[in-house]
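Peer 1: My questions concern the predicted model and sequence given below.
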Amino acid sequence: MVYQRIRDLREDKDLKQKDLAEILHCSQQVYSNYELGQRDIPTTILIALSDYYNTSVDYILGITNNPQINK
C-alpha cells in the first residue's frame with residue numbers, strides 16, 4: 001500500500017522517478033526500490049515526501065485515507 005501510494009502521489013504531479021530522486025537526493029534506482037517495496041523507506045525520506053506532497057506521513061503509510069494534514 002505504501003509503495004502504491006508514493007507512486008500515485010508522484011504520478012499525480014506528473015513527475016518521473018528521476019525527478020523525485022533528485023528532490024530527495026538519492027539515485028533513481030534507490031527511489032525505484034522504494035516504489036517497488038524492495039527497500040524500506042527511511043523516516044527522513046517519509047518526512048521529506050510528506051513535506052513535498054503537503055500530506056501526512058500517516059497518509060503515505062496507509063494509516064489514514066485522508067490526505068489532509070490534521071493540525
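Peer 2: Sure, I can see it. Treat the numbers as computed from the prediction; the structure is a model and nothing was measured. Numbers count the residues shown, from 1 in each chain.
Peer 1: For residue 52, which non-adjacent residue is closest in space?
Peer 2: residue 23 (6.3 Å; C-beta to C-beta, 6 or more residues apart in numbering). Just so you know, the C-beta spots here come from the backbone N, C-alpha and C atoms, and that holds for glycine as well.
Peer 1: how near is the one you found to residue 66?
Peer 2: Computed with C-beta to C-beta, to the nearest Å, the distance linking residue 23 and residue 66 is 24 Å.
Peer 1: coming back round to it: who's in contact with the host helix or strand of the residue nearest to residue 52?
Peer 2: Element membership of residue 23 [criterion: DSSP states H and E] is helix 17-24. Residues outside helix 17-24 that contact it (C-beta atoms under 8 Å, 6 or more residues apart in numbering): 10, 27, 28, 30, 31, 32, 35, 45, 48, 49, 52.
Peer 1: Give me the mean pLDDT for it.
Peer 2: Summarised as a single mean, pLDDT over helix 17-24 is 96.
Peer 1: And the helix or strand following it, what does it pack against?
Peer 2: Next helix or strand after helix 17-24 toward the C-terminus (DSSP H and E): helix 28-36. Counting contacts by 3 or more C-beta pairs under 8 Å, 6 or more residues apart in numbering; DSSP states H and E, helix 28-36 packs against helix 2-12, helix 17-24.
Peer 1: Can you read off the pLDDT for residue 66?
Peer 2: In this model, residue 66 carries a pLDDT of 86.
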